[in-house]
Structures are given as structure tokens and as C-alpha cells.
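Q: give me a model of this one.
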Amino acid sequence: MSEVQEKNKALVRRFLEAQDKGDLDAVKEMMAPHFVDHSALPGQAPNREDYIRDLTDDQAAFSNFRYIIEDQAAEGDKVISRCTISAIHDRGGDLPWP
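A: Numbers count the residues shown, from 1 in each chain. As a prediction, the model looks like this:
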């Protein structure tokens, strides 16, 4: 694996860790201006602004957010991560799914 691919994987890990910690400033700093969320739920726009809004909503509703990276691969400038996400819905707030 190339040094660039390793750096890209590390960036994704830092991105998810910032979300775990609720560090929105760090999340925004790491996001490209034309970020595309490939895991957006139906009705959610896959853009940067909606991703941040959804993350803010999740943090308002959940505590103990954790992304656990089970597998991660990189090729070229792309990184794919298979994650387990856990959290406790104990802060109220509406969930984006029924």
C-alpha cells in the first residue's frame, strides 16, 4: 500500500474519531468543499451542509457515539470503511427514520 493510501486511511479514521468526540470544527476542516455522502438516508441530501446538519441532529439525540472500523481499504484516492456504529438514544430529538 502506498504512503498516500495510508495517509488517506488515517484521514478517514481521524474524521470518524472527530465525529465520536462531537468535534464539528475538526469534521468541517477535514471535509472537502464538494463532499458527497454516499450513505445518506432517503430524503437526506448527500452534500456537505446536510451531512453536518445530520451529524448535529444525531449528537443532539445520542450519547456515547462510537464508530468502530471493522475493515478499511484504499485504492488510488478512495477509501472504503466497514464500520459498526453504536450510540445511546437518551437525549431526545427526532430520529431520521421511523
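
Q: how about the helices in the protein?
A: Applying DSSP state H to the chain gives helices spanning 3-21, 24-30, 48-61.

Q: so for Asp71, which of the ones you listed sits nearest?
A: Between Asp71 and those, the shortest gap by Cβ to Cβ is with helix 3-21, which sits at 10.9 Å. Using the backbone N, CA and C atoms, a C-beta is placed for each residue, glycine as well.

Q: show residues contacting the closest one.
A: Applying Cβ atoms under 8 Å, 6 or more residues apart in numbering, the external contacts of helix 3-21 come out as 24, 26-27, 30-31, 55, 65-67, 69, 72, 74-79, 81, 83.

Q: please identify the buried residues of that helix?
A: Buried positions in helix 3-21, judged by neighbour count with 16 or more other Cβ atoms under 10 Å: Gln5, Asn8, Lys9, Val12, Phe15, Leu16, Ala18, Gln19.

Q: in CSV: these, plus distance to Arg91 and pLDDT.
A: Listed next are those as CSV, based on distance: Cβ to Cβ, whole Å; pLDDT from 0 to 100:
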residue, distance to Arg91, pLDDT
Gln5, 37, 95
Asn8, 33, 95
Lys9, 31, 97
Val12, 26, 96
Phe15, 23, 96
Leu16, 20, 95
Ala18, 19, 96
Gln19, 16, 94
